[in-house]
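Visitor: build me a model:
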Amino acid sequence: MRKKNTVARTPSTTSRAIPGAGRRVTSYDVALLAGVSQSAVSRCFKPGASISQATHAKVMQAAISLDYIPNAAARSLITRRSNLVAVIISNLANLYYPQVLSDLSQQIARQGKRLLLFTLEREADIGKVLCDVWQYQVDGAVVAACLSDEQMAEFGRRDVPLVLFNRSPREHAVHAVLCDQGEAARLLVSRLAEAGHRQFAIIDGPGDSAVAQERKAGMLDRLLSLGLPAPIVVSGNYDYASGGRGLRKVIDRLGRVPDAVICGNDIMAIGCLDTARHQMGIQVPLQMSVAGFDALDASGWLSYDITTLRQPVQKMATDAVAMLGELMERRGGSAERRRYCSYLVEGSTARLTVEQPYFGMMAAA
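Guide: This next block holds a predicted model:
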């Protein structure tokens, strides 16, 4: 019987891999098809890496032909970096500062990394969230919440670069970008006092919010230095209902309408304003001035036009990520704090001059 000869066939290295037909396409497959080294393929998919235009074109053509997608997990095993940046922020800040997250995400992406978001119901919950952060082996973190000295020290012990966002590190040596909340509050009180306001009321933010407490401290400090009567202070929760509820508490305790109500943020100022106009018949700003903080989009709507303070949040987000990027590259170095100033947005809900003409809003009250 004649023996049948068999010839082993090997697949061509240039044949197109079919996704889902056995195995995933790897950077090795792309390198073979493009006729370059595997490291050249890696550089093509690494932002900022040095690669010639000709090599880049060949690699991209091969990658498209093979339907290749870089494996981030595999790359992290090689580089020993997760390419993830943790952003820790409270739900309230997330709701009222969506542009902050957008700006942070864009800046982090430009560094070839991805934002991993952790949200807090309350700033006091930060300890529970940190347990999750460590599991993801993040390359760095931007934290918009108060950290204890022990928690900040843990970032150092785990060699995770940290930048605080709009939070003061007090005595601990840590990098931070922050707006001077106390100075902004003093500015607002000064302008209102110069216009003749004497009896102030404050609708405060949450007790565990460092920003809210810094704002309140700044207002109280300036009122004391001006020798004005002690303000009526009521607590709020940074939400719409707190504004209206807070105004009613103020009037109950004072026995009359105050000259000015300063709310810890714009959402509470809007709630206060709606309650004053539509439920209590108070003419704003003829009988009572209302002001807030943060210059949210809604605060500029024609129905509100609130006097408020704007923070340079886009600049702060850009600088925070740039600072973190430097830390991730070089590590160590002395702690840097970058401070920014808010500026007053003069809306129609507050009298800011002694004899301010009053138009339009009175008719709407």
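Visitor: please name the nearest non-neighbouring residue to Ala291.
Guide: Thr307 (4.4 Å; C-beta to C-beta, 6 or more residues apart in numbering). Placement of C-beta: from N, CA and C, glycine included.
Visitor: contacts only, for that neighbour.
Guide: Residues near Thr307 by C-beta atoms under 8 Å, 6 or more residues apart in numbering: Ser289, Val290, Ala291, Gly292, Leu344, Val345, Glu346, Gly347, Ser348, Thr349, Ala350, Leu352.
Visitor: so which helix or strand takes in the closest residue to the fourth one other than its chain neighbours?
Guide: Put plainly, it is Gly292. Excluding its sequence neighbours, the residue lying closest to Gly292 (C-beta to C-beta, 6+ apart) is Ala269, at 3.1 Å. Ala269 is part of helix 266-274 when elements are defined by DSSP states H and E.
Visitor: which neighbouring elements make contact with that helix?
Guide: Based on contacts counted as 3 or more C-beta pairs under 8 Å, 6 or more residues apart in numbering; DSSP states H and E, the elements that helix 266-274 packs against are helix 240-254, strand 260-263, strand 289-291.
Visitor: relative to Ala276, which of these is closest?
Guide: helix 240-254 (6.1 Å; C-beta to C-beta).
Visitor: now do the buried residues in the closest one.
Guide: Tyr240, Ser242, Gly243, Gly244, Arg245, Gly246, Leu247, Lys249, Val250, Ile251 (16 or more other C-beta atoms under 10 Å).
Visitor: alpha carbons of it, in PDB - could you do that?
Guide: Only the C-alpha atoms of helix 240-254 are listed here, as PDB (Å, rounded to 0.1, in the frame of the first residue of the first chain):
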ATOM      1  CA  TYR A 240     -33.200  73.700  47.100                       C
ATOM      2  CA  ALA A 241     -35.500  72.900  50.100                       C
ATOM      3  CA  SER A 242     -32.800  74.100  52.600                       C
ATOM      4  CA  GLY A 243     -33.000  77.600  51.100                       C
ATOM      5  CA  GLY A 244     -36.700  78.000  51.700                       C
ATOM      6  CA  ARG A 245     -36.800  76.200  55.000                       C
ATOM      7  CA  GLY A 246     -33.800  78.200  56.200                       C
ATOM      8  CA  LEU A 247     -35.400  81.500  55.300                       C
ATOM      9  CA  ARG A 248     -38.500  80.600  57.400                       C
ATOM     10  CA  LYS A 249     -36.300  79.700  60.400                       C
ATOM     11  CA  VAL A 250     -34.400  83.000  60.100                       C
ATOM     12  CA  ILE A 251     -37.500  85.100  60.100                       C
ATOM     13  CA  ASP A 252     -39.000  83.000  63.000                       C
ATOM     14  CA  ARG A 253     -35.900  83.600  65.100                       C
ATOM     15  CA  LEU A 254     -35.300  87.200  64.200                       C
END
